[in-house]
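Chemist: quick one: sequence and predicted model below, then my questions.
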Amino acid sequence: MSQSLPNLTETEVVRAIHEHILRLFPRNCPNCGQVFANYGEYLEKTTPIGQPISYDIELGEWRPTEPNGNFSFANCHCGNTLSLNSTGMPLTQIWQVLSWVKAESERQQVPTSEILSHLRQEVRKRGLAS
C-alpha cells in the first residue's frame, strides 16, 4: 500500500488521538472495579507511569499493515497498571500519526520517545480541559 496521505499538524495529531481515546470509555479497572466514566475522570483518578510506547516504531514499522499498537500507561489508585492504546484507530490515521512522530523526531533531532511523551502531555491537557 503506497497510498499518499496528507501530512498532519501537531494540533491534528493531538485531536485525532484525543478523539480516539474518548471512544475507549467508559472502562473500569479489572483489579478493583473502579469505573472511569470518561477520559477526564480517568485522568483525575490515575497517575501516568513510564513512557508511552509504540511497538510499531520499536520494530521500525512506520506503515504497519497489522499494527502492534501504541500504548500509554497509568496506575489506578489500587496500584494496577492500566493502558490506553491505539486499537481500533483507523489504519490510515495510525500511519499519519506515526509519520508525524518520525518527522518531528527528525526535525527536532530527538528520540521518538520524547515526541511520544510530548504527545501524551498534549492529549492529557486536552482531556483535562474538556
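Modeler: Thanks, I have it.

Chemist: most residues in a single strand of this structure, which one?
Modeler: strand 46-54 (DSSP state E).

Chemist: now what about that one, what contacts it?
Modeler: Strand 46-54 is contacted from outside by 36, 69-77, 81-82, 98, 101, 112-113, 116-117, 119-120, 124, using Cβ atoms under 8 Å, 6 or more residues apart in numbering. (C-beta placed from N, C-alpha, C; glycine too.)

Chemist: which among the residues you listed end up buried?
Modeler: 36, 70-74, 76, 82, 98, 101, 112-113, 116-117, 119-120, 124 (16 or more other Cβ atoms under 10 Å).

Chemist: now, those residues that are in helices?
Modeler: When these are checked against helices (DSSP state H), the matches are 98, 101, 112, 113, 116, 117, 119, 120, 124.

Chemist: so what's the fourth one up against?
Modeler: Applying Cβ under 8 Å, 6+ apart, we find residue 113 in contact with 51, 52, 53.

Chemist: against residue 120, how distant is the last one?
Modeler: Just to be clear, that refers to residue 53. 11 Å (Cβ to Cβ, to the nearest Å).

Chemist: which residues do those two both contact?
Modeler: By Cβ under 8 Å, 6+ apart, no residue touches both residue 53 and residue 120.

Chemist: what's the helix or strand that the longest strand of the chain is followed by packed up against?
Modeler: Sequence-wise, the next helix or strand downstream of strand 46-54 (DSSP states H and E) is helix 55-58. For helix 55-58, the packing partners by 3 or more Cβ pairs under 8 Å, 6 or more residues apart in numbering; DSSP states H and E come out as strand 70-76, helix 91-108.

Chemist: nearest to residue 15, of the ones in helices among the buried ones among the contacts of strand 46-54?
Modeler: Nearest to residue 15 among those is residue 119, at 11.3 Å by Cβ to Cβ.

Chemist: wait, that closest one sits on residue 13?
Modeler: Yes: shown here, residue 119 and residue 13 form a contact pair, counting by Cβ atoms under 8 Å, at 6.7 Å.
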